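Student: sequence first, predicted coordinates after that:
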Amino acid sequence: ALITLRQLLDHAAENGYGVPAFNVNNMEQVHAIMEAAAEVDSPVIMQASAGARKYAGEPFLRHLILAAVEQWPDIPIVLHQDHGADPGVCARSIQSGFTSVMMDGSLMPDAKTPASYEYNVEVTSKVTEMAHACGVSVEGELGCLGSLETMQAGKEDGVGAEGKLTKEMLLTDPDQAADFVKKTKVDALAIAIGTSHGAYKFSKPPTGDILAIDRIKEIHARIPDTHLVMHGSSSVPQEWLEIINQYGGDMGQTYGVPVEEIVEGIKYGVRKVNIDTDLRMASTGAMRKFLAENPKEFDPRKIFKVATAAMKDICKARYEAFGCAGQA
Ligand code: G3H
Ligand code: 13P
Ligand code: NA
Ligand code: ZN
């Protein structure tokens with residue numbers, strides 16, 4: 001059944017676990033996420049970006065999720081809209097049947113330029129008012145995702161050409177977080193602690209100065225009742241990186257967020273953990289390997305099948321590590 005993000009994260013807080021929120025664009029990802037959840041008895045958060053809706057088309061995306069609800073009636077599923085760039089995007093998701101929306105007011109609607117605090121409070125409050133009237137949950141974001149490592153090296157980092165990020169913006173301020181939650185009434189708050197989207201997060205295994213797990217503890221101490229969200233939380237599996245490069249790929253050396261660090265965050269209020277890149281890497285690696293080893297094969301179902309299996313393994317590992325296995 002579909003449930004709201006608030007319902008799931010309240011249960012997660014009471015029982016001390018976190019839930020991976022996997023991005024979905026197609027049937028194979030939905031299968032992998034759901035098959036893994038069914039095997040370990042985990043609740044599920046599937047999230048779709050505006051780009052996902054554009055890729056699949058709104059009716060196809062909606063029916064993929066409805067198909068999952070029908071095929072796995074015993075698993076609670078949150079259908080969440082990832083990174084809404086403006087209140088209009090959130091409104092369309094509410095109409096489409098999403099049970100949770102993210103208003104990312106940390107950036108302007110171009111999704112590149114850092115926004116002012118006042119702007120963020122204004123657009124996020126607008127969305128909570130609208131969404132709560134419809135029984136839909138809201139995630140807000142305070143602070144900008146971006147690399148502390150790059151910033152410390154004195155290089156410009158960013159969300160884009162216009163994105164002039166300061167070190168202050170890359171770490172969510174605990175007092176401001178308390179004010180933000182009070183003013184906007186969000187159900188969950190995404191925070192910035194040095195992670196970034198995509199595969200290229202860290203040039204070496206991250207240490208505390210570039211992945212600020214301590215900041216989570218400070219924020220949680222200030223707002224213990226708020227459900228925290230970690231974005232950019234792919235672990236960038238080194239084994240998949242090697243397979244991609246071994247079978248014709250060309251990805252640079254890079255490191256993600258170690259699962260143990262996420263588990264530490266879950267002890268301090270992190271309840272939703274956003275993961276997209278890990279499933280992209282697993283499916284691409286599995287398909288590259290299969291195609292290289294089976295050059296005569298031309299049935300795409302055989303190719304997609306290995307991608308689904310590879311993604312499913314990652315999903316299971318995250319459900320187990322984050323403590324949501326057995327909680328459905
Ligand atoms: O936050 C970004 C997610 O990884 C979704 O990416 O906009 O390419 O669908 P996308
Ligand atoms: P990754 O790129 O680390 O998978 O992060 C995904 C994310 O935060 C989606 O909102
Ligand atoms: Na989100
Ligand atoms: Zn994100």
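Tutor: Noted; the coordinates are in hand. Numbers count the residues shown, from 1 in each chain. Ligands and ions are numbered 1, 2, ... in the order given.
Student: tabulate the CA atom coordinates of whichever strand or helix holds residue 220 in PDB.
Tutor: Secondary structure assignment for residue 220, by DSSP states H and E: helix 213-222. In PDB, the C-alpha atoms belonging to helix 213-222 read as follows (Å, rounded to 0.1, in the frame of the first residue of the first chain):
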ATOM      1  CA  ILE A 213      29.100  13.300  10.200                       C
ATOM      2  CA  ASP A 214      29.700  15.400  13.400                       C
ATOM      3  CA  ARG A 215      27.400  18.100  11.900                       C
ATOM      4  CA  ILE A 216      24.600  15.600  11.800                       C
ATOM      5  CA  LYS A 217      25.000  15.000  15.600                       C
ATOM      6  CA  GLU A 218      25.000  18.800  16.200                       C
ATOM      7  CA  ILE A 219      21.800  19.300  14.200                       C
ATOM      8  CA  HIS A 220      20.100  16.300  15.800                       C
ATOM      9  CA  ALA A 221      20.900  17.600  19.300                       C
ATOM     10  CA  ARG A 222      19.200  20.900  18.300                       C
END
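Student: how far does the helix or strand encompassing residue 239 sit from the chain's center?
Tutor: For residue 239, the element it lies in under DSSP H and E is helix 238-246. Distance, stretch centre to chain centre, for helix 238-246: 22 Å (Cα atoms, centre = their mean, to the nearest Å).
Student: so residue 231 sits against residue 275, correct?
Tutor: No - counting by Cβ atoms under 8 Å, residue 231 stays clear of residue 275, with 9.6 Å between them. (C-beta placed from N, C-alpha, C; glycine too.)
Student: state the mean pLDDT of the helix holding residue 220.
Tutor: For helix 213-222, mean pLDDT is 98.
Student: ok, and the closest non-adjacent residue to residue 86?
Tutor: residue 109 (4.5 Å; Cβ to Cβ, 6 or more residues apart in numbering).
Student: residues touching residue 105, list them.
Tutor: Listed by Cβ atoms under 8 Å, 6 or more residues apart in numbering, the contact set of residue 105 reads 115, 119, 120, 121, 122, 123, 124, 140, 141.
Student: excluding covalently adjacent residues, which one is nearest to it?
Tutor: residue 120 (3.7 Å).
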